[in-house]
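Undergrad: Provide a 3D model corresponding to the input given below.
(chains A and B)
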Amino acid sequence: MDKTLNKNSILKLVENNAITIIMIIMVIVVGISKDNFISISNFKNISVNTAVRFIIALGISGCLITKGTDLSAGRIVGLGACISAILLQKADYGSKFFPNLGELPIPLVILITVAVCCIFGILNGVIISFFKVPPFIMTLGMQTFVYGITLVFTGADPIGGLRDDYTMVARGTFLGIPYLFIIAFVFGLVFWLLYNMTKHGKYMYAVGGNESAAEVSGVNTSKTKIIIYGLAAVLYGVAGYLLAAKAGGASVNTGYGYELEAIAACTIGGVSTNGGVGKISGILIGVLVFELLKSSLQFLGVETSYTYIVQGLVIVIAVALDLRKYLAKK
Amino acid sequence: MAEYLLEMRGISKSFPGVKALDDVTIKIRPGTVHALMGENGAGKSTLMKCLFGIYSMDAGEVWFHGKKAHIINANDALHKGIAMVHQELQPIQERSIAENIFCGRYPTKKILGFTFIDHKKMYEETEILLNEVRMKFNPKAKLSTLSVSQMQSVEIAKAVSVDAKVVIMDEPTSSLTENEVEALFKIIEDLKNRGVSIIYISHKMDEILKISDDVSIMRDGKYIGTWEAKELTTDMIISKMVGRELTNLFPPRENVPGEVVLEVKNFTSISPKSFKNVNFNLRKGEILGIGGLVGAQRTELMEALFGIRSTVSGEIIYRGKHLKIKRPQDAIRNGIALLTEDRRATGIFGVLSIADNVSIASLDQYVDLHLILNHQKIGKLVQDNIAKLSIKTPSSKTLIQSLSGGNQQKVIISRWLANNPDVLILDEPTRGIDVGAKYEIYVIMAELAKQGKSIIMISSEMSELIGMSDRIMVMCDGNVTGELSSSEVSQENIMSLATKFA
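TA: Presented below is the predicted three-dimensional model:
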């Protein structure tokens, strides 16, 4: 009796953490077969790639937990990247966007980028809350709208020649740890606190769990949603700022498609599209699965075109595995 | 012909952590109404879901027409001649009656070798079926235009259409008016006369004794026994269900109504079909019952008072002050609480823990430094309430959806008590709750009234209304048709006021 119980509980443990376990096996297998996979430089590389995507996924997670979505994420990231890049070009750069612009202090640029992005997020939240436009449609419209604004504003020219003190944020390390990693960690921590230790967090889960019941319980559901979409856009702005620094430039296509990757990562990490469920640790795992997968395939010498096929499969399989937990309960 | 039409033998079913059914055997005679009774969580619905193929059973077998039957899913059950009228109806709201009845097995015709749906035949057959359940309705009418009882008749018509030999009815009368219940009983009689057996699940004793032939009782997932209905009395059924003698249905009350705390004047809904010109008052430490038929707009009135619905005119005077209530926050801030009628739709957060469900409306009290929630204080609140209301749960982290209806209700009551409200509006507080838990909720109400809190209780259950109220206000078609003090209260008086315009 005891033995079967043990066997069952191990089986359950495996089932509940299937994605994490597969990820670990994958890392071990690739690590053994390829020399440089488990190395400090590769892990630095992965952590830097993960950082930006994790920040975007954090932003989008709130929308998903409240049964919404945010398709405008990638384009807002692109807008943020362009704004930061334009305001932080080298003084002597040939094709400078604003030739007469002096050296702006970095904190001011961050503030401007984040503030502009935040406006679009708040707009998402306000229209979703008060005009009851479904989030899918609202943010689909916003996606195209923001892309148009970025196009008009940059004239579709790529923006390069970024200041060294700006790009430093993507290259620099502190005690050997990349700045990007530290930044993402801090955001993860802040969001963990927000989701678990504040009223806003509880209200968010309540709105996602049962919006009508939340309303009856005195939760200001509109305010909650506006904060969620606004805050999401703040993170997109930060991600855009970091992404331009990392790439050494920005264009209208920066951030394109990132929202889908972020949604996929959240879902893999157990954020339920039925609302009310989702943890920061899960989101991190979801993003990591993607980045480790990409890196593993790269190390195994799989052609980039094929990696998309694998990524697509992983999204569906991971979510199917995750849902099995709930199906089994029937 | 075997003596029994349907036998379920030795059925067991476990869910993680619970043994929902333990070696249950029931036998159904042909052409009878077989009542299945038990408290919530006794396993009645689970047993029926096993029979209907929604759940797979761990052990046991089903014998149907004297042969062993394997039922894999709901569709299979339907084909074999077992139909179910659900506890919560799940019709396709935006499609016609005909399509709801024939969904999945549309009549077809062939044109040029292609298969098309034969709409004409479908509508004709629907018309015949609707006549059989005494319902005059256009088969093309959308389901969303029907009342709950009419939708139920459609479900029954569907059962008739597959020529079902066993029809399971899970709490079919929970949202019906008296007239509709009568109509349903006539249909049941018709079905019986054709040799159809009905498995009837209900908490309403008078109904059970009126219509059933056999009564099977379950308790804690176990089969207790089967009796002929004519040998039983309400008290006998209750004591078998709870496994002990229940002497009183209602607790003694020691509350003394005091001064008027709440006055509602000229309350008129924004919707012309809803309540109009409603005036009433509520005293400190009083339980005010609101009676009326389904559709009397009682819920709408209370939801407007709480700020969920809009009004065009009306005043709320609370302790001598005019109150403006535009949204629930306003009501909550002023010490008013509302336990809504539909627990699942507007009460519980199914995927959240009991702790979250209890604390959600009172988080303001537990914020340190304007920002960080004090989980220790919240934990204490939750533990206190679990103990005080004796909520049966493994832990405060358990998801509320895994609790029984009565315990869910207690969790939501504790959500409101956490705000220490002075006025509690309870809309059908014991709907779908078993006898034992009902009594516990009455005890809580009596205790609150004794403490000087004022309670408004909407109830469609006559005995509860009479047994728990100090005063009863009756509504009909959105109007208040009368008020009865405890000395004037009788079932007849309430019914005559409730049907004043009918």
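Undergrad: residue contacts, residue A:228?
TA: Residue A:228 makes contacts with A:62-63, A:66, A:68, A:125, A:204, as judged by CB atoms under 8 Å, 6 or more residues apart in numbering or on different chains. All C-beta atoms are positioned from the backbone trio N, CA, C, and that covers glycine.
Undergrad: closest to residue A:303 among those residues?
TA: Using CB to CB, residue A:63 comes nearest to residue A:303 of the contacts of residue A:228, at 33.9 Å.
Undergrad: tell me which element that closest one is part of?
TA: helix A:40-65 (DSSP states H and E).
Undergrad: so how far is the next helix or strand along the chain from that helix from its chain's centroid?
TA: Remark: after helix A:40-65, the chain's next helix or strand is helix A:73-87, criterion DSSP H and E. Distance of helix A:73-87 from its chain centroid, counting by CA atoms, centre = their mean, to the nearest Å, is 15 Å.
Undergrad: which other helices and strands does helix A:73-87 contact?
TA: Applying 3 or more CB pairs under 8 Å, 6 or more residues apart in numbering or on different chains; DSSP states H and E, one finds that helix A:73-87 contacts helix A:40-65, helix A:106-130, helix A:135-154, helix A:221-247, helix A:258-268.
Undergrad: please redo it, this time with the cut-off set to 6 Å
TA: If you count contacts as 3 or more CB pairs under 6 Å, 6 or more residues apart in numbering or on different chains; DSSP states H and E, helix A:73-87 packs onto helix A:106-130, helix A:135-154, helix A:221-247, helix A:258-268.
Undergrad: contacting residues around whichever helix or strand comes after the shortest one?
TA: Using DSSP H and E, the helix or strand that follows helix A:258-268 in sequence is helix A:280-299. Helix A:280-299 is touched from outside by A:20, A:23, A:26, A:30, A:34, A:37, A:46, A:49-50, A:53-54, A:57, A:61, A:188, A:191-192, A:265-266, A:268-270, A:307, with contacts defined as CB atoms under 6 Å, 6 or more residues apart in numbering or on different chains.
Undergrad: residue in chain B nearest to chain A?
TA: For chain B and chain A, the shortest gap (CB to the nearest CB) falls at residue B:349, measuring 3.6 Å.
Undergrad: what does the pLDDT read for that residue?
TA: pLDDT, residue B:349: 94.
Undergrad: what helix or strand is it located in?
TA: Under the criterion DSSP H and E, no helix or strand holds residue B:349.
Undergrad: could you find the closest non-adjacent residue to it?
TA: Distance criterion CB to CB, 6 or more residues apart in numbering or on different chains; nearest residue to residue B:349, sequence neighbours excluded, is residue A:209 at 3.6 Å.
Undergrad: can you pull the contacts of that neighbour?
TA: Residue A:209 is in contact with A:276, B:349, B:351-352, counting by CB under 6 Å, 6+ apart.
Undergrad: next, residue B:218: secondary structure please.
TA: Under DSSP: H, G, I helix; E, B strand; the rest coil, the three-state class of residue B:218 is strand.
Undergrad: low pLDDT regions in the chain?
TA: The chain I'm using is chain A. A:1-6, A:325-330 (pLDDT under 70).
Undergrad: if you could check chain B rather than the one you did, that'd help
TA: B:1-2, B:16-18, B:40-41, B:87-90, B:174-175, B:244-248, B:502.
Undergrad: quick check: residues of the stretch 101-250 of chain A near chain B?
TA: The stretch 101-250 of chain A comes close to chain B at residues A:197, A:199, A:202, A:205-206, A:209-210, A:212-213, A:216-218, as judged by CB under 6 Å from any CB of the partner chain.
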